[in-house]
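*Asks:* Next one to model:
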Amino acid sequence: MNSKERVKATLRRQTTDRTPVDCWLYQKQFVEKLNAEYGPREQFLDEFGIDIFVGFVPYPNQSGRLWDVQDLPAFDPGDPRDPRWLTHTDWNYDFAGLNVVEAVRQQGDRRFILAHVWGIVEGTSRIIGIENCWMNLGAQPKIMGAWFDRYADWLCGLVESLADAGVDGVTLSDDWGSNQNMLFSPRMWRNLIAPYARRVVAHAHSLGLFVNLHSDGYITPVLDGVAELGFRVVHPVQESAGMDPVQVKRDYFGRLGIYGGLDVRTMLGRGLSREQLAEQIRRVMNALKPGGGYIFCTSHMVQPGTPLEEVEFAYQVAHEAAGYT
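*Replies:* Numbering: from 1, shown residues only. Predicted coordinates:
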């Protein structure tokens, strides 16, 4: 079973030879350190059997400025079928990722390719600013709802291009949580965000793509809704923000997969001894892998101060614990 088959089977809740493994090696400074001390990123991916690779889509706002919420009705991100969204290389964020076309070309025959797309809230925050986005969910719901309606249509067009490019799945990156709480009320999520996310997820499914939700923070109050929207898996189910991955596995088994487990806030790069780190990885793997539906991964990008040797050790332990026999 190769990486692509392994991940697809896991997302279909089928039996696999081992738990799929991923590592978010996309933070620019860490990747530069990896290249200097270890070798090309692909060497690490091969040695530690990484099953997934991500291609990044630029933020929808490429205007070079933030807009006022009152200007949202006039904001035009451009044609979602324009090839530049899949071939863009002039990143305005600190990633060392590849664009979608390069990700498919370099890794598509060997790994499951996820396209990282900016979701309803997170994409909008890059247009009007994070604080303005959150504030105007309550202050200007009509303007925000009308924009979300247009943005969902735009994302559906983008998803069509991604399917044509040969990706296997899409991550909607849409941070909804903070520590112990959501960034807005579950009611607001259900009324103002979920309907538009549903449209994008359904369209991706119609094109044969799996859909992952990436949301940092505590989102337990809306997990029922997330499952109903059709997301196949959730990243990272952040334990350090107050979520309980074991309870999520118990409550949503067969409805939502879990993609994460190696918390970069409390486990990786946080001064644990090797024995402590290994114990934590085995704890997570043994709790989440039974029955499948689980992908082991960092909770976010590996941070620049993390010792490379610690990452290597963590993934050695993960592979030892990933088998089903």
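
*Asks:* Every contact and neighbour count from this point should use C-alpha atoms.
*Replies:* Fine.

*Asks:* ok, and for stretch 220-235, which residues are buried?
*Replies:* Residues of stretch 220-235 classed as buried: 220, 222-223, 225-227, 229-235 (neighbour count, 16 or more other C-alpha atoms under 10 Å).

*Asks:* which one of those is nearest residue 158?
*Replies:* Residue 158 lies nearest to residue 231 out of these, by C-alpha to C-alpha, at 17.6 Å.

*Asks:* Isn't that closest one up against residue 214?
*Replies:* No - with contact defined as C-alpha atoms under 8 Å, residue 231 does not count as touching residue 214 (10.2 Å).

*Asks:* shared neighbours of the two, anything?
*Replies:* Counting by C-alpha atoms under 8 Å, 6 or more residues apart in numbering, residue 231 and residue 214 have no contacts in common.

*Asks:* ok so, going back, in strands only, show me the buried residues of stretch 220-235.
*Replies:* Among the buried residues of stretch 220-235, DSSP state E puts 233-235 in strands.

*Asks:* got any ranges where the protein has weak pLDDT?
*Replies:* Where the chain drops to pLDDT under 70, the residues are 91-92, 325.

*Asks:* Report the next helix or strand after the longest helix anywhere in it in sequence order.
*Replies:* The residue-count maximum for a helix in the chain (DSSP state H) belongs to helix 141-165. As assigned by DSSP states H and E, the chain's next helix or strand after helix 141-165 is strand 169-173.

*Asks:* Parallel or antiparallel, list what pairs with that following strand.
*Replies:* Strands adjacent to strand 169-173 in the sheet, as given by DSSP bridges, are strand 112-118 (parallel), strand 210-214 (parallel).

*Asks:* Pipe these into JSON lines and attach distance to residue 125 per row.
*Replies:* Shown next, in JSON lines, are the strands paired with strand 169-173 (distance: least, C-alpha to C-alpha, whole Å):
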{"stretch": "strand 112-118", "distance to residue 125": "10"}
{"stretch": "strand 210-214", "distance to residue 125": "15"}
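
*Asks:* Could I get these in CSV, plus columns for distance to residue 243 and mean neighbour count?
*Replies:* Below are the strands paired with strand 169-173 laid out as CSV (distance: least, C-alpha to C-alpha, whole Å; neighbours: other C-alpha atoms under 10 Å):
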stretch, distance to residue 243, mean neighbour count
strand 112-118, 23, 24
strand 210-214, 14, 24
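
*Asks:* Could you say which one of the ones you listed comes nearest to residue 77?
*Replies:* Nearest to residue 77, of these and by C-alpha to C-alpha, is strand 112-118 at 12.6 Å.

*Asks:* Give me the contacts around that closest one.
*Replies:* Outside strand 112-118, the residues that touch it by C-alpha under 8 Å, 6+ apart are 3-4, 7-8, 51-60, 100, 103-104, 107, 162, 167-174.

*Asks:* Would you agree residue 82 falls within a strand?
*Replies:* No - assessed with DSSP: H, G, I helix; E, B strand; the rest coil, residue 82 is coil; it does not lie in a strand.

*Asks:* Next, find the distance separating it from residue 120.
*Replies:* 20 Å (C-alpha to C-alpha, to the nearest Å).

*Asks:* again, but for residue 143
*Replies:* For residue 143, the distance to residue 120 (C-alpha to C-alpha) stands at 14 Å.

*Asks:* With neighbour numbers in mind, choose between the two.
*Replies:* residue 120 (24 against 17; other C-alpha atoms under 10 Å).

*Asks:* pretty sure the more buried one is touching residue 176, no?
*Replies:* No - with contacts counted by C-alpha under 8 Å, residue 120 stays clear of residue 176, the gap being 10.2 Å.

*Asks:* Sounds good, over and out.
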